[in-house]
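Engineer: The following comprises the amino acid sequence and a computationally predicted model.
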Amino acid sequence: MDALNANGISLIQTTHPHDNGVVVETLFLHESGEQLSGGKLFFPAVKHDAQGYMSALTYCRRGSLMSACGIAPEDDDGNASVLKEVFNKEFCGDYETLKFKLQNADSLDELQKIWSAMNTDERMMMAKEKEAAKGKLK
């Protein structure tokens, strides 16, 4: 935050409604009046109670800011892998099947077809697997 403030930049994080979790948008404001949105990030609520939504909001706010600033995440509390597994199961269909398809693509064209058939949430979770598969095909 200090680096942003030192360059005349402040930020606002707004939330948007979603039935299965939270959506956060990070908006940067420059002292000149310019604005830049980091886009909207969805994060699922593992439990549909106050604690589940607040946990999702905390992760989503942190993830949105890190994404907008280009900062790589660290699993500093051990929960990220658990949340990723829940996200995969509830929002991305069969994670292992998608991973298998990507890993076993015979060509870059086939890899692109598999990728094109995925929805946005699946693509978000499978980005690393796609890049690994792409690297093997080159």
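Structural biologist: Okay, I see it.
Engineer: Flag the helix or strand of this structure with the lowest per-element mean pLDDT.
Structural biologist: Within the chain, no helix or strand scores below helix 80-91, which has a mean of 52 by mean pLDDT, DSSP states H and E.
Engineer: just for the chain, where's the confidence low?
Structural biologist: 73-95, 121 (pLDDT under 70).
Engineer: same thing but 90
Structural biologist: 1-6, 16-21, 39, 42-53, 55-56, 59-60, 62-103, 114, 116-130, 136-138 (pLDDT under 90).
Engineer: Domain parsing of it, as residue ranges.
Structural biologist: The record's domain parsing of the chain by automatic domain parsing lists 1-78, 92-138.
Engineer: With mean neighbour count as new columns, can these be given to me in JSON lines?
Structural biologist: All C-beta atoms are positioned from the backbone trio N, CA, C, and that covers glycine. Below are the domains of the chain laid out as JSON lines (neighbours: other C-beta atoms under 10 Å):
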{"stretch": "domain 1-78", "mean neighbour count": "14"}
{"stretch": "domain 92-138", "mean neighbour count": "14"}
